[in-house]
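Novice: Let's see this in three dimensions:
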Amino acid sequence: DEKTLVLLDEIGTGTDPAEGSAIATGVLVSLRDKGARVLATTHHGSLKLVANQLEEFQNASMEFDTEELKPTYRFKQG
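Specialist: Sure, this is the predicted structure:
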């Protein structure tokens with residue numbers, strides 16, 4: 001419900017990328033529909049596209065310094 005926070009690390013991995021993305025999308029939509037707040041990490045490009053298409057979903061990333069080749073630990077939302 002709206003009092004629930006769900007943290008998912010690399011949702012949909014460990015299986016075929018297309019199937020993993022489809023399963024992950026179903027899980028995320030179901031959690032959204034129940035009102036839960038969800039933070040999910042992924043490297044699936046198709047899930048990133050889903051986040052741009054569905055209401056109440058947002059993409060975010062962690063910034064990376066390409067010159068120094070190290071993380072900056074800055075969160076970039078949107």
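
Novice: Now do the strands in this protein.
Specialist: Ranges of strands in the chain, per DSSP state E, are 5-8, 37-40, 60-65, 70-77.

Novice: tell me what the first one is packed against?
Specialist: The reference is to strand 5-8. Applying 3 or more Cβ pairs under 8 Å, 6 or more residues apart in numbering; DSSP states H and E, we find strand 5-8 packed against strand 37-40. No exception for glycine: its C-beta is placed from N, CA and C like everyone else's.

Novice: strand partners of the strand it packs on, parallel vs antiparallel please.
Specialist: strand 5-8 (parallel) (DSSP bridges).

Novice: contact partners of the strand it pairs with?
Specialist: Around strand 5-8, the neighbours that count as contacts under Cβ atoms under 8 Å, 6 or more residues apart in numbering are 27, 31, 36-41.

Novice: Now with 7 Å, please.
Specialist: 31, 36-40 (Cβ atoms under 7 Å, 6 or more residues apart in numbering).

Novice: any idea which of the strands of the chain is most buried?
Specialist: strand 37-40 (a mean of 14; mean count of other Cβ atoms under 10 Å).

Novice: Quick one: residues contacting Asp9.
Specialist: Counting by Cβ under 7 Å, 6+ apart, the residues that Asp9 touches are Thr41.

Novice: distance of it from Lys76?
Specialist: 18 Å (Cβ to Cβ, to the nearest Å).

Novice: can you check Glu55 too?
Specialist: Using Cβ to Cβ, Glu55 is found at 21 Å from Lys76.

Novice: which other residues reach the longest helix that the chain contains?
Specialist: Ordering each helix of the chain by length in residues (DSSP state H) puts helix 17-33 first. With contacts defined as Cβ under 7 Å, 6+ apart, helix 17-33 is touched by 6, 11-13, 38, 40, 42, 44, 46-47, 50, 56.

Novice: Packing partners of the helix or strand of the chain with the lowest mean pLDDT?
Specialist: Counting by mean pLDDT, DSSP states H and E, the weakest-scoring helix or strand in the chain turns out to be helix 45-53, with a mean of 90. Other helices and strands packing on helix 45-53, by 3 or more Cβ pairs under 7 Å, 6 or more residues apart in numbering; DSSP states H and E, are helix 17-33.
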